[in-house]
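> what's the 3D shape of this:
(chains A and B)
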Amino acid sequence: MLFNSLQFVFFFIIVTILYYALQPQWRWKMLLAASCVFYMAFIPAYIFVLLTTILIDYFMGIMISQSTGTKRRIYLQVSIVSTCLVLFIFKYCTFFEMTVRELQGLLGHAQDFPIAHIILPIGLSFHTFQSLSYVIEVYRGKQQPEKNFGIYSLYVMFYPQLVAGPIERPQHLLHQLHEEHRFELSNLSKGLSLIAWGMFQKMVIADRSAVYVNAVYNHWQTETGLSLLIATLLFAVQIYADFAGYSCIAIGCARVMGIQLMNNFNHPYFSSSFGEFWKRWHISLSTWFRDYVYIPLGGNRVSNFRHYVNLFLTFLISGLWHGANWTFIAWGVYCGILVIVERCLTNIGWYYPKNLLGNILRRAVVLIFICAGWVLFRAPGIHAAMVIYTRIATGLSFSMWSVGDAISQFAGDLTSVAVGATTILVITVMFCIELGQEYFASDRMERWSSSLKYRFWATVTLFEVIMLFGELRSSAFIYFQF
Amino acid sequence: MNKPRGTESQTRQGWIYALKLVFYAFAILLCIATLKFFNENRLAPSNIGLGGVVSRPKLDLLFIGSSHTRKSIDMKVVERITGINNSFQVSYDGADLTVMSQIIDYLSTEPDHCPQYLVVEAYSAFLAREPILQDPRYFSDAPPPLKMAIIRSYLSEQRGLSSVLDIFALVVNRGNDEILSYPIYAQALKLGSYKGGRANFYFPGTSREAFTKLKADLKTDTANPAQLRALGHILEVTRDHNIQLIFVDPPLPEPVSTDAGIQKLKSDFINILSARHVSYIDGDRGFAIDDPTLFSDLHLSSRGRDEFTPRISEKLREWIAFSSTVVQ
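This is a model prediction of the structure:
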């Protein structure tokens, strides 16, 4: 069940009405049942995979809290290994087998063994990480184990963030599931305006950009440098609007029920450094890696060299988390190198000029390198990515034919000019709004934008824009595949 | 458990808020959609599509077809060879017989727009296709009476909630990009078209490898009843309004043209037309359909168009001169 489908609209309305109509002690049960229905709308049988993770981590959480010393650590290890094993089997097994086969081929010992093509359960990486964060926090003594199996299951399965996050921490979400949330008009208006903004990002910005990106990247072998450059820039917009849109809808759906989820994006493309970018992009995952990988490795409280190694490893694992493919690993490595180089330059005292030009320049540099990295993320393989880089770098042409060919990719017919111009316009509108929020935020604006009247008309306006300019055919969110 | 009074009041306000939101959202959308339905055809480009036909006085020669017609016929060459300057081409992507029948029906009821000679595309693959509206430009360009006819026709063929949602999307969601970017869009169309046909465009040929892989996208080789009805309607309307009618089957690349399904549909088409003594030109005949450079995918390449247009124009000139003769 996709957020941008009519099916979900009805689902959301029914669940929200039921939530407030029921007595508080029944609400979590209803939410759990609704979350099961939501998850089973994709591949019903995979609910058992989810149940396995929930069962393991629920019991391990209790056992960790009841034990001390080595036993406590063993329970944690059992939990981490078994949860990661589920992730490995479903997400990385096929990739691992294929890599072994390729290696054997390279070494001249090719063996023809069958490869299991397993369909990845939707959102597996997200709920696995959410479940792991619970066990680790219980181990660290920062979270009491959840005794109620149903509430714990809801913590892992809460439908708004079940398939693509935000990856919540138990300290933030679990207690909210126990609390009684009274209906508040401000929550409704805030939630609905967030849902409308998320839908706008997904259906108007991301899905429109996707048409161009798919048309070009699916035929990268024959595309010109200019088309590939435009497609790469549009993919940067697409992946941001797609994922930030999903997060907004998730946060909005929860907010309507009085539950607050963590913010997942904070205008990342306005970042002035690579380090800052990762504090603004997919915040729930970045902080997960910071808390459970980077800091346990030693963080920055070690020698410079070790610090760089820690950064590199964190980004490498982050790349692998995104997908079982060499392109994602390369993307992780690329992002790690960018952050390390930036740290090195800072350490040797290299700075941008501290004036307006310097500020613009540093943001432009971050944007260009981040966009370049998206080629690795979107390309079907390493070889394809290299060809795309080469063609953009050496084959850019602005001849009449090249420009015409590039524009024609927007719709493939006579309306390409109109579709292209409108796509650029809506993208500009989105970034202008974000620019306003980023640089011109004031208390007065904050008060105005949180008024009921503003939210009401903002929601109505966004609804009209979605209906008039959105892609009304539902298409899956990119991050569902992770 | 008793709910506090404040909560009840908040809940009531919440319901009012939600209902007001839904009411305003849909009321505004309804206003926009109504305004658009009755007026968007005024923004239809005047040098392409239906907007081009209705903005011109009674035409002597009119071509109607799909993208095959647009990419196969160079209107400048047609004018030069036939000597008819008052000509135009209406083509929409995927326009099948049901679409063409609606257009002809509409034009025939408007004495100012009823053409003297009508060239209708006879792409055999479309004879087997279920009627679909592939190019939303057609709906956007259509005047309100034709829009109603399109909706009626669609709903008579398709049933259920999905068809209603399709119509909603067509009326509300399609064609807005063209309206929003009208100044740029209209200018681009002006540069890229001549009397409804393509101009200043270059379509390269196909590689030999890709050419051999081309195939007909046919689900069945049986003519669709709705398309047959539309064909019959075209024949009746043109006869009733004394419009001289000819069908032209555009050339298809050899791997597609020799497909058994295409051959059968083509033969069905020819049989129907010859039984009604209607003129027909087979574009494949005498055309190098085995030359990949003449085709850009299933359509003609620019070189293919340069080869085909003079050939077809000569035949049309003969047909116009002896319009009672069946051209074979």
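> quick one: the helices in the stretch 1-150 of chain A?
Taking DSSP state H, counting those that start in this stretch as the criterion, the stretch 1-150 of chain A carries its helices at A:6-21, A:24-40, A:47-66, A:69-87, A:93-106, A:124-139, A:149-157.
> likewise the stretch 201-350 of chain A?
Using DSSP H, counting those that start in this stretch, helices in the stretch 201-350 of chain A cover A:207-217, A:225-256, A:274-280, A:283-289, A:295-297, A:304-322, A:326-347.
> can you tell if stretch A:213-232 touches chain B?
No: using CB under 8 Å from any CB of the partner chain, stretch A:213-232 stays clear of chain B, with a minimum separation of 9.8 Å. C-betas here are computed from N, CA, C, even on glycine.
> Quick check: mean pLDDT of that stretch?
Across stretch A:213-232, the average pLDDT comes to 92.
> Could you do stretch B:36-47 as well?
For stretch B:36-47, mean pLDDT is 90.
> Please apply the same query to stretch A:306-319.
On average, stretch A:306-319 scores 93.
> residues contacting A:Leu124?
Contacts for A:Leu124 were tallied using CB atoms under 8 Å, 6 or more residues apart in numbering or on different chains; they are A:Val49, A:Val86, A:Leu87, A:Phe90, A:Lys91, A:Phe482.
> Tell me how far the second one lies from chain B.
Right, the one you point to is A:Val86. The gap separating A:Val86 from chain B is 38 Å, by CB to the nearest CB, to the nearest Å.
> B:Asp306: how many residues sit nearby?
13 (other CB atoms under 10 Å in any protein chain shown).
> Just confirm it contacts B:Asp74, I think it does.
Yes: contact criterion CB atoms under 8 Å: B:Asp306 and B:Asp74 qualify, at 7.2 Å.
> where exactly do the helices run in the stretch 1-150 of chain B?
For the stretch 1-150 of chain B, the helices defined by DSSP H, counting those that start in this stretch occupy B:5-39, B:49-54, B:67-72, B:75-82, B:97-108, B:124-127, B:136-141, B:144-157.
> Now render those helices as a markdown table, adding mean neighbour count and distance to chain A.
Converted to a markdown table, the helices of the stretch 1-150 of chain B look like this (neighbours: other CB atoms under 10 Å in any protein chain shown; distance: least, CB to the nearest CB, whole Å):
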| stretch | mean neighbour count | distance to chain A |
| --- | --- | --- |
| helix B:5-39 | 14 | 4 |
| helix B:49-54 | 23 | 9 |
| helix B:67-72 | 25 | 8 |
| helix B:75-82 | 18 | 15 |
| helix B:97-108 | 24 | 15 |
| helix B:124-127 | 24 | 17 |
| helix B:136-141 | 24 | 6 |
| helix B:144-157 | 16 | 16 |
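> beta partners for B:Ile64?
Using DSSP bridges, the bridge partners assigned to B:Ile64 are B:Val90, B:Val120.
> for the host helix or strand of B:Arg229, the distance to its chain's centre please.
Assigned by DSSP states H and E, B:Arg229 belongs to helix B:225-240. Its chain's C-alpha centre and that of helix B:225-240 lie 16 Å apart, by CA atoms, centre = their mean, to the nearest Å.
> what angle separates that helix from helix B:97-108?
If you take axes from the mean of the first three to the mean of the last three CA atoms, to 10 degrees, helix B:225-240 sits at 30 degrees to helix B:97-108.
> Give me the contact list for helix B:225-240.
Helix B:225-240 is contacted from outside by B:96-98, B:100-101, B:104-105, B:108, B:118, B:120, B:126-131, B:157, B:243-245, B:272, B:276, B:278, using CB under 8 Å, 6+ apart.
> in it, what counts as buried?
Across helix B:225-240, burial judged by 16 or more other CB atoms under 10 Å in any protein chain shown covers B:Ala226, B:Gln227, B:Ala230, B:Leu231, B:His233, B:Ile234, B:Leu235, B:Val237, B:Thr238.
> next structured bit after that helix?
Following helix B:225-240 in sequence order, the next helix or strand is strand B:244-249 (DSSP H and E).
> now for that next one, which elements pack on it?
Here strand B:244-249 touches strand B:117-121, helix B:225-240, helix B:260-275, strand B:279-282, helix B:302-321, going by 3 or more CB pairs under 8 Å, 6 or more residues apart in numbering or on different chains; DSSP states H and E.
> coming back round to it: may I see the contacts of A:Leu124 arranged in TSV, with distance to A:Gly123 and pLDDT as well?
Formatted as TSV, the contacts of A:Leu124 follow (distance: CB to CB, whole Å; pLDDT from 0 to 100):
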residue	distance to A:Gly123	pLDDT
A:Val49	11	87
A:Val86	13	87
A:Leu87	12	85
A:Phe90	11	84
A:Lys91	11	81
A:Phe482	8	56
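> a markdown table for those, including neighbour count?
Shown next, in a markdown table, are the contacts of A:Leu124 (neighbours: other CB atoms under 10 Å in any protein chain shown):
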| residue | neighbour count |
| --- | --- |
| A:Val49 | 18 |
| A:Val86 | 18 |
| A:Leu87 | 21 |
| A:Phe90 | 19 |
| A:Lys91 | 23 |
| A:Phe482 | 22 |
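> ok, these vs chain B, which is closest?
The shortest gap between chain B and any of the contacts of A:Leu124 belongs to A:Phe482, at 30.0 Å (CB to the nearest CB).
> Chain neighbours aside, what residue packs nearest to B:Lys76?
B:Tyr194 (6.0 Å; CB to CB, 6 or more residues apart in numbering or on different chains).
> I should have written B:Asn86 there, sorry.
With CB to CB, 6+ apart, the residue lying closest to B:Asn86 is B:Asp60, at 4.4 Å.
> how near is the one you found to A:Arg343?
Note on B:Asp60: its distance to A:Arg343, by CB to CB, to the nearest Å, is 75 Å.
> what does A:Phe270 give?
21 Å.
> most tightly surrounded among the helices and strands packed on strand B:244-249?
Of all these, strand B:117-121 carries the top mean neighbour count, a mean of 24, counting by mean count of other CB atoms under 10 Å in any protein chain shown.
> Show me the contact partners of that strand.
Residues from elsewhere that reach strand B:117-121 (CB under 8 Å, 6+ apart): B:60-66, B:68-69, B:84, B:91, B:95, B:100, B:104, B:234, B:238, B:243-250, B:316, B:320, B:323.
> Just the C-alpha atoms of that strand, please, in CSV.
Extracted C-alpha coordinates of strand B:117-121, given in CSV (Å, rounded to 0.1, in the frame of the first residue of the first chain):
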residue,chain,number,x,y,z
TYR,B,117,-10.3,15.8,-49.6
LEU,B,118,-9.6,13.7,-46.6
VAL,B,119,-6.6,11.4,-46.1
VAL,B,120,-7.0,9.0,-43.2
GLU,B,121,-4.2,6.9,-41.8
